[in-house]
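[1] Provide a 3D model corresponding to the input given below.
(chains A and B)
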Amino acid sequence: MELAKVVEKKIIKDYFVLKVETKGPFNSQPGQFVMINFLDTFNLPKPFSVMDEKGNYLTFLIKNVGPFTEKLATLKYGDFLLIRGPYGIPIRNKIDLTKKYILLGGGCGSAPLIYFLKEYPLLVKETFFSFKESYVQSILPDLKLFIDDNIGKTPVEFLFQNKEKLENSGMILCGSKGLLKSFFDVFPYMKDWSYVSLEENMGCGTGLCKGCPVQTVEGVKMVCKDGPIFKANEVNLEWK
Amino acid sequence: MEVDVLGIKFKNPIIIASGPGGNGKELIDYIDLSQLGGFTTKTITFKPKIGNPPPRIINIKNGVINSIGLENSGFESFLKDDVPFLEELDTNVIASIGGYNTEEFCYMIKSLNHTNIKMFELNLSCPNVDKGGDTILNDLRETKEIIRRASKITQKPLFVKLGIEGNLEQLAKLAIENGADGLVLINAPKGTKINLKNESNPEELLRGYGGVSGPIIKPLALGCIYRVKNIFPNVPIIGMGGVVCKADVLEFLKAGATLVGIGYGVMMDPELPINIIREL
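    Predicted coordinates:
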């Protein structure tokens, strides 16, 4: 793993944007993630989707949900992290490039889609970077966010009332399984036109440990190596 | 730090433990396997196993609880797709075998006898789904029979993997007296993580428990090696359990291990074993 220096942190309540400087470019592409760890631990690293890469700088959007992210949130300018990657298949390598896509991200699941929008604006028809609370806007000031509390509905409910938006569109969704399931419960026919970027507990992040499975029509695949992006009609989100 | 184990030369005492290194192909993207003392395959079962549904990995402090469920493509696929690759490796390959009865173990060993694989590791510690989830090691008669017959068939050194479950001294004695050439210590002990925020399903793994690995089990592994070494000072031991740095390797060797396996450390950083070898 290599060292990365924290150069910027914008934090609001439980969300924060973390920017780190690496020794050289990681050459990440939208949809890929890196494994992050601390210098003073023998815990396993955790995966984080890249929200942006420019030169030697990587940016992440993180929600404080447990001890690991809690510790990340305490980092200050000049602190160091360990980082390796990028891993996973870029979104662009899997999707049909003749289509335009609606991007639907749930919370931090928006991070890879924000990167996708920046790199491939011509492939994007509309975005729903969805957050429950409006305060997140303060750390993502340049982006149009879909704030559930402001609009009074979830993005799935919104799309249900505006079904015409989905016509002739592809979808790229990234977020919790709950979000993905709720979307396809309402729009089962969209499975044929959608791609899902999956979240899963990971061990190594590289396909070695077989720790992040997803059941697909071609057998069990690993989210870290074969994904995280999959065709929606190829994965079984109900595998238990 | 060349090591001789039962006449087999190891470039150094570091081997990849069974599991996180897959069957090698996955790891060559990250490290040069020829720098390793040895490489242990994922446990191969006779029939393919799709493994457990997610979550398979639960993070804990200084370790992880895994419930992979022995995902593998089965023995025929291993022979066809993996053995040719493994035979070309310039390191000693140890095949980890996990059958559900004596016949499966013996069939797999017999088939691999003619290959360039250097040693066998019998995995008797994993849950036997066919017999209500109990492990073979809890059935002393079956354990004895498998080791006895496997040792008669094998043309390569036979190691038996043991853990903290059961009576270690009794199992080690049973293994050695029935033909095992060495022991692998330790298999991941079973552990559970409870989530107090989830009232209906507080166990984070669907099966309720999984194998614990990482530095959190290091004292248990060292204790097992020490205890067995006291009884069988001349039996080679492959020690493993939370090895993540050079000091850990030296501690395992001091406790009595001949070779030292790294598994969790590969999950932390696939390059970690090579970094340790450079420091030795």
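[2] roughly how far apart are the closest residue to residue A:47 other than its chain neighbours and residue A:202?
    Closest residue in space to residue A:47, ignoring its immediate chain neighbours: residue A:33 at 4.6 Å, by Cβ to Cβ, 6 or more residues apart in numbering or on different chains. Where C-beta positions appear, they are placed from N, C-alpha and C, glycine not excepted. Counting by Cβ to Cβ, to the nearest Å, the gap from residue A:33 to residue A:202 is 9 Å.
[3] Quick check: neighbours shared by the two?
    Jointly contacting residue A:33 and residue A:202 under the rule Cβ atoms under 8 Å, 6 or more residues apart in numbering or on different chains are A:47, A:224.
[4] Which residue ranges make up the domains of chain A?
    A:2-87, A:92-234 (automatic domain parsing).
[5] could I get the ones you listed as TSV with distance to residue B:182 and mean pLDDT?
    Below are the domains of chain A laid out as TSV (distance: least, Cβ to Cβ, whole Å; pLDDT from 0 to 100):
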stretch	distance to residue B:182	mean pLDDT
domain A:2-87	28	97
domain A:92-234	25	96
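[6] residues contacting residue B:75?
    Residue B:75 sits next to B:44-47, B:107-108, B:111 when contact means Cβ under 8 Å, 6+ apart.
[7] Quick check: nearest residue in space to it, chain neighbours excluded?
    In space, and not counting its chain neighbours, residue B:75 is closest to residue B:46: 5.0 Å by Cβ to Cβ, 6+ apart.
[8] Pretty sure that neighbour sits against residue B:104.
    Yes. If you go by Cβ atoms under 8 Å, residue B:46 and residue B:104 touch, sitting 4.1 Å apart.
[9] Find the nearest non-adjacent residue to the closest residue to chain B within chain A, please.
    Distance from chain B to each residue of chain A (Cβ to the nearest Cβ) is smallest for residue A:211, at 3.9 Å. What sits nearest to residue A:211 in space, not counting adjacent residues and going by Cβ to Cβ, 6+ apart, is residue A:203, at 3.4 Å.
[10] What of residue A:68?
    Nearest residue to residue A:68 in three dimensions, chain neighbours excluded: residue A:46, at 5.3 Å (Cβ to Cβ, 6+ apart).
[11] which ones are touching that neighbour?
    Residues near residue A:46 by Cβ under 8 Å, 6+ apart: A:35-37, A:68, A:202, B:59.
[12] Show me those that map onto strands.
    Applying DSSP state E to the contacts of residue A:46, the entries found in strands are A:35-37, B:59.
[13] what about the closest residue to residue B:3 other than its chain neighbours, neighbour count?
    The spatially closest residue to residue B:3, leaving aside those adjacent along the chain, is residue B:10, at 4.3 Å (Cβ to Cβ, 6+ apart). Neighbour count of residue B:10, defined by other Cβ atoms under 10 Å in any protein chain shown: 20.
[14] who touches residue B:10 in this structure?
    Counted by Cβ under 8 Å, 6+ apart, residue B:10 has contacts B:2-4, B:37-38, B:92, B:259.
[15] Go again with 10 Å.
    Residues in contact with residue B:10, defined by Cβ atoms under 10 Å, 6 or more residues apart in numbering or on different chains, are B:1-4, B:36-38, B:91-92, B:118, B:258-259.
[16] Which of these are buried, as a PyMOL select command?
    Burial among these is assessed by 16 or more other Cβ atoms under 10 Å in any protein chain shown; the matching PyMOL selection reads:
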select buried, chain B and resi 3+36+37+38+91+92+118+258+259
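[17] CSV please, covering the contacts of residue B:10 and showing distance to residue B:215, pLDDT and secondary structure.
    Converted to CSV, the contacts of residue B:10 look like this (distance: Cβ to Cβ, whole Å; pLDDT from 0 to 100; DSSP: H, G, I helix; E, B strand; the rest coil):
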residue, distance to residue B:215, pLDDT, secondary structure
B:1, 22, 86, coil
B:2, 27, 95, coil
B:3, 23, 97, strand
B:4, 29, 97, strand
B:36, 21, 98, coil
B:37, 21, 98, coil
B:38, 22, 98, strand
B:91, 25, 98, coil
B:92, 26, 98, strand
B:118, 28, 98, coil
B:258, 21, 98, coil
B:259, 19, 98, strand
